[in-house]
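**Q** Output the structure for:
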Amino acid sequence: MQHIQSDQNYSNPIVLFDGVCNLCTTSVRFLLAYNQKENLHFASLQSNFAKELLLQYHLPSSKLSTIILIENQQVYTKSIAVLELSKHLTYPWRVFYFLKFVPRRISDWVYDRISKNRYKCFGKKNQCMIPKPEWKHRFFE
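**A** Residues are numbered from 1 along each chain as shown. Now for the predicted structure:
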């Protein structure tokens, strides 16, 4: 796992996720499997690295219940983050990007329902996900 200064300009998209959420860690594994370019990097919201990025981008650090994508110094959250991430996946998953034409209030409403119930439906771990050795270089601490 890597340590990087939070004021650094990142060349690859960074995904911040809830490291103890089973749905979130399964989603990260999915992204790792279908991101053929291997340009996506990850950090759990519980990590010091993520906390520094949240400060840098003026995002609240408490009670975050969303995936966050930081790409080209732009911050994406909720359903837009998921759709933007789909651009980095192989076919057929890439076609989900076209769902961006669904009104955001609708897609975020669906996202919020899932997010609110993620622990109840999918469970929660006692500690953050530990990546496989072959993926460690794509994670920040």
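**Q** Now do stretch 133-140, average pLDDT.
**A** Mean pLDDT, stretch 133-140: 87.
**Q** Give me the distance between the two termini of that stretch.
**A** Its first and final residues considered, stretch 133-140 spans 13 Å by Cα to Cα, to the nearest Å.
**Q** May I see the buried residues of it?
**A** The neighbour-count check on stretch 133-140 (16 or more other Cβ atoms under 10 Å) flags Trp135, Arg138, Phe139, Phe140 as buried. Every C-beta, even on glycine, is put in place using the N, C-alpha and C of the backbone.
**Q** give me every residue that touches the nearest residue to the second one once chain neighbours are set aside.
**A** In space, Arg138 comes closest to His41 once its chain neighbours are excluded; the distance is 5.1 Å by Cβ to Cβ, 6 or more residues apart in numbering. Each residue near His41 by Cβ atoms under 8 Å, 6 or more residues apart in numbering is listed here: Tyr10, Asn12, Pro13, Ile14, Val15, Arg138, Phe139, Phe140.
**Q** Closest one of the buried residues of stretch 133-140 to Leu89?
**A** Lowest distance from Leu89 to the buried residues of stretch 133-140 (Cβ to Cβ) belongs to Arg138, with 14.6 Å.
**Q** The closest one reaches Glu38, doesn't it?
**A** Yes. Look at Arg138 against Glu38 with Cβ atoms under 8 Å: they come within range, at 6.8 Å.
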